[in-house]
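Engineer: got a predicted structure here, sequence first:
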Amino acid sequence: MPANHLRTAAFMAVLGLCSSALANPYETTLPNGMEIIVKEDRRAPSVVHMVWYGIGSIDEPEGVSGIAHMLEHMMFKGTENLAPGEFNRRVAAVGGRDNAFTGRDYTAYFQQIPPDHLGEMMQMEADRMTNLVIDDEVFLPERDVVREERRLRTDDNPRARLWEQLMATAFTAHPYRRPIIGWMEDIAAYRVEDAQRWHEQWYAPNNARLVIVGDVAHQEVFELARTHFGAIEQRPLPDRRITPEPAQHGLRHVELHAPAELPTFALAWKTPTLSDPNDARDVYALQMLAAVLDGYEGARLPRQLVREQRMAVSVSANYSGVARGPSLFSISAVAADGHSVEDVETAVRTEITRIAEEGVDEDELARVRTQTLAGEIYKRDSLMGQAMEIGFLEAAGLSWRDEEALLDGIRAVTAKDVQEVARRYFHDTTLTRAILRPQSLDGKKG
Amino acid sequence: MTNALFRCATLCTALLTPAAWAAPEIKHWTADTEAQVYFVQSDALPMLDVRIDFAAGEAYAPEDQAGLASLVQGLIFTGADGLDEQALAEAIADTGAQINGGTEADRAWLTVRTLSSAEERDAAIKLAARMLAQPDYPEAAVQRELQRAAAALRESLTRPATLAERRIVELSFGDHPYGRNVSFDSLNAVSRETLVNFHHHHYTARNATVSLVGDVSQAEAERIANMLTRNLPAGEAPAPLPSPTLPAAHVERIPHPSSQAHILAGMPGIEREDPDYFALLLGNHILGGNGLVSRLSNEVRDQRGLAYSVYSYFAPRAVAGPFRIGLQTRGSQAETALDVMRDVLADFIHNGPTEEELEAARSNLINGFGLRLDSNAKILGYIAMIGFYGLPLDWLDTYTDHLETIDVATIRDAFSRRIKLENLAVVMVGGSGDEGANADEGAEKP
């Protein structure tokens, strides 16, 4: 389809124009080891201020699963200088909004504010990095809040429980087997000292990264950061002794019976994690494979399973390859009436086998590449989105500087590369399968 | 050349005086087709966002066909103007554009996010125009999507959150169109004929509002708005919706084996153009609208650890849309949490906020005004709302002025007139799975 190539060429030019401001973002490191990354985006009087700590559920010891997330909650509960809840109130008073999130690889805090108040936000972040106060009076009710959060997000949500079971089965030794929010029994047993210890060990400037995107001048931001974070002393961090996942040599299978109507399953294969952006052909090819399978309305899996064969109500494929730990390529689907999960699984695997044997069309690959590269333009509309992307890359041990290499990697993927990874990575020996068997609401099997 | 210099001068002035920053300039005109057009030019990124809204929401579906409106909108993607589903999906993806849609009670819409380079942009707009004017509603796709909708409904009826939402909608709005829920019967009543008929009467040029934000000239915006609407029938505006009547207070408990009870309270709230709009908006910000900084969050979450999520909101619609309070808590605490929720509301209706609370909420909304307009996507959302509901063109410009006029007495007066406990419907679903609720609750609470 020559028309297709023409269109692609036309907007590649646009993409080139856009990434010409190569100096932006700007980066510096304070003498105490804290990294500062600033991306100037001066379209509107708004700025996103994020502090990313290089610490997540991956770093937790046994018995206190979810403590990284619990501590994230406690960061809003007061310091030597601020009463509980005062942090949120001060952000609100200047017109801002704030929140935080914990992942397997990181814990991050953010405020979106008018630029004039950036210094005050830094002052408050520096304050809770060093002067956090955790006592029973604020800790115990917040522990109950976290238990309610787990009930809401996981315990009463069969598909979330299915995913939790999948991770706990796919990983036997690596800490990715633990849920980010923690096991309920561990949460119920947290003590004040657990949270205090976590903060003391890991909340240090040399384990923190400031990411700022918005209507700011980078030199001024660097100066503000020196003022507010510069005096905090560097501290030695504990060893990170992460147990690697031993190689898998056979299919793993787990089932969950829970209140639901439609049987659901997830398949997850062990796949590579990106370490060197300039040498990651399989990672880029797997990303393109995921897009060919599920990257647009007409992609292979929704087309075949949902629309043509009508075996599934929905289906999705996911792979990122960007993480501190091991990666999974996952496909999940909800079976339609009259079809078993086994039938749907067979159909999914038939699609992968078809790509392994017959490859993909150039047009198909050009189409998902077009979507990916156009998305590079669209994401610049969101300050938060841009800050998140920088933070994610850095938290995974990469750099915002790798963005161009990552795009080059995607551009270079050939149809043959996609066929090759479809052939290589989808064997039963590294597969974990999780199945949700519906149970009626009165507890009987549906 | 002169133009560019002027633009730079204006920009520099704006940057030097952030306090004088104003809302984006909205251009409004009536297209040749009589569609209403709203346009904000923004050349910072090489992209264009377009949204076309129709008075074609669920409230306009026949009484026995709840769900029809979202099917009419969603099935636009199953084929148009002779392009079948797959060809359409591929054609959209090839342009690099993202075309999506949505349906609410009052309106249904399509959004097009495209690169602004002429070739890609025009290709995407032409596709969207064909989809809007000539959807084919192929019989096979209609049957398939009705089956998928029924499957999704069956699955959702296993979830306490869905059961609570459906029931509170019914209890709040009774026989009013805002009180309808999709059901197996209503899906059975939908056919290709009813879809085509609804589309023909509601997706009309006089019923359309076209909103554009991005890197095009006004002349191009005019041309795009005409392209999008010229093949639509002229049509007539639908009959205005009646106003909902207020329900009598009622508490309903529905059993479900979840660990948490989902508690929702509701009644009809405000219209888009409502004399109490700003008093109720500001009051609700204090009551439960501003995340963790609110009365409800303080009493339910911070003080008592009863819930992870607790909130209140007004959803303004063409006629009085929902006022809602919600939380989820473990079953054993449900009655306690409901008492707290009701006490907080009763106190707020009776006494209103404190001066301090009012000033804090006002600061948040006024100082944060610019943050809500800091991307093309956010601006598009606002101008589409202004356009669809026929709000004054200076609605954004006068927003903060309106907030300045509200005092404690105004809020107390508005809440006591509009939100009465004697009209509050309450639904509590689930929580019977909270086994051992008493066993693991020791004397740990402060």
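Structural biologist: Yep, it's here.

Engineer: residues contacting the residue nearest in space to the middle of chain B?
Structural biologist: Chain B has B:Glu104 as the residue nearest its centroid, 6.6 Å off, counting by CA atoms, centre = their mean. By CB atoms under 8 Å, 6 or more residues apart in numbering or on different chains, the residues touching B:Glu104 are B:Gly57, B:Glu58. Where C-beta positions appear, they are placed from N, C-alpha and C, glycine not excepted.

Engineer: how near is it to A:Val421?
Structural biologist: Separation of B:Glu104 from A:Val421 (CB to CB, to the nearest Å): 42 Å.

Engineer: and what of B:Gly291?
Structural biologist: Applying CB to CB, the value for B:Gly291 to A:Val421 is 43 Å.

Engineer: those two: which is more packed in?
Structural biologist: Using other CB atoms under 10 Å in any protein chain shown as the criterion, B:Gly291 and A:Val421 rank with A:Val421 on top: 25 against 16.

Engineer: surely that one is in contact with A:Asp282?
Structural biologist: Yes. With contact defined as CB atoms under 8 Å, A:Val421 reaches A:Asp282; the gap is 5.5 Å.

Engineer: where do the contact lists of the two overlap?
Structural biologist: In contact with both A:Val421 and A:Asp282: no residue, using CB under 8 Å, 6+ apart.

Engineer: is B:Ala248 in a helix, a strand, or coil?
Structural biologist: With DSSP: H, G, I helix; E, B strand; the rest coil as the basis, B:Ala248 sits in coil.

Engineer: so who does it touch?
Structural biologist: B:Glu422, B:Asn423.

Engineer: phi and psi next, for it.
Structural biologist: With angles defined as degrees, to the nearest 10, B:Ala248 sits at phi -90, psi 150.

Engineer: tell me how far it lies from B:Ala425.
Structural biologist: From B:Ala248 over to B:Ala425 (counting by CB to CB), the distance is 8 Å.

Engineer: give me the domain ranges for the chain.
Structural biologist: You didn't say which chain, so I picked chain A. What automatic domain parsing lists as the domains of chain A is A:23-229, A:252-439.

Engineer: the chain in question should be chain B.
Structural biologist: According to automatic domain parsing, the ranges for chain B are B:24-229, B:250-430.

Engineer: for the stretch 201-350 of chain B, which residue gets nearest to chain A?
Structural biologist: In the stretch 201-350 of chain B, the residue that lies nearest chain A is B:Gly305 (3.3 Å; CB to the nearest CB).

Engineer: mind listing the strands in the stretch 51-200 of chain A by residue range?
Structural biologist: For the stretch 51-200 of chain A, strands defined by DSSP state E, counting those that start in this stretch occupy the ranges A:97-102, A:107-113.

Engineer: list the contacts of A:Arg367.
Structural biologist: Applying CB under 8 Å, 6+ apart, the residues near A:Arg367 are A:Asn4, A:Tyr296, B:Glu90, B:Ala93, B:Asp94.

Engineer: try it again at 10 Å.
Structural biologist: A:Arg367 makes contacts with A:1, A:4, A:8, A:291-292, A:295-296, A:298-299, A:361, B:89-96, as judged by CB atoms under 10 Å, 6 or more residues apart in numbering or on different chains.

Engineer: from these, which would you call buried?
Structural biologist: A:4, A:8, A:291-292, A:295-296, A:298-299, B:89-96 (16 or more other CB atoms under 10 Å in any protein chain shown).

Engineer: separation between the closest residue to chain B within the stretch 1-150 of chain A and B:Ala361?
Structural biologist: Ranked by CB to the nearest CB, the top residue of the stretch 1-150 of chain A for proximity to chain B is A:Gly95, at 2.6 Å. Counting by CB to CB, the separation of A:Gly95 from B:Ala361 is 11 Å.

Engineer: more neighbours: which of these two?
Structural biologist: Between A:Gly95 and B:Ala361, counted using other CB under 10 Å, B:Ala361 has the larger neighbour count: 27 against 22.

Engineer: tell me which element the more buried one is part of?
Structural biologist: helix B:355-367 (DSSP states H and E).

Engineer: and the stretch 301-446 of chain A, which residues reach chain B?
Structural biologist: By the rule CB under 10 Å from any CB of the partner chain, the part of the stretch 301-446 of chain A lying against chain B is A:302-303, A:306-308, A:310, A:312-314, A:334-337, A:363-364, A:366-375, A:377-378, A:380-385, A:438-443, A:446.

Engineer: quick one: the strands in the stretch 201-350 of chain A, in order.
Structural biologist: So, for the stretch 201-350 of chain A - with DSSP E, counting those that start in this stretch - the strands run A:208-214, A:252-259, A:264-271, A:312-318, A:327-335.

Engineer: switch the ones you listed over to TSV; also include mean pLDDT and mean neighbour count.
Structural biologist: As requested, these are exported to TSV (pLDDT from 0 to 100; neighbours: other CB atoms under 10 Å in any protein chain shown):
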stretch	mean pLDDT	mean neighbour count
strand A:208-214	98	27
strand A:252-259	96	16
strand A:264-271	98	23
strand A:312-318	97	21
strand A:327-335	98	24
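
Engineer: pipe these into a markdown table and attach distance to B:Asp276 per row.
Structural biologist: Listed next are the strands of the stretch 201-350 of chain A as a markdown table, based on distance: least, CB to CB, whole Å:
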| stretch | distance to B:Asp276 |
| --- | --- |
| strand A:208-214 | 35 |
| strand A:252-259 | 42 |
| strand A:264-271 | 45 |
| strand A:312-318 | 42 |
| strand A:327-335 | 44 |
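
Engineer: which residues touch the residue of the stretch 251-400 of chain B at minimum distance from chain A?
Structural biologist: Using CB to the nearest CB, B:Asn367 is the residue of the stretch 251-400 of chain B that sits closest to chain A, at 2.6 Å. Taking CB under 10 Å, 6+ apart, we find B:Asn367 in contact with A:Ala92, A:Ala93, A:Val94, A:Gly95, A:Gly96, A:Ile113, A:Pro114, A:Asp116, A:His117, B:Thr400.
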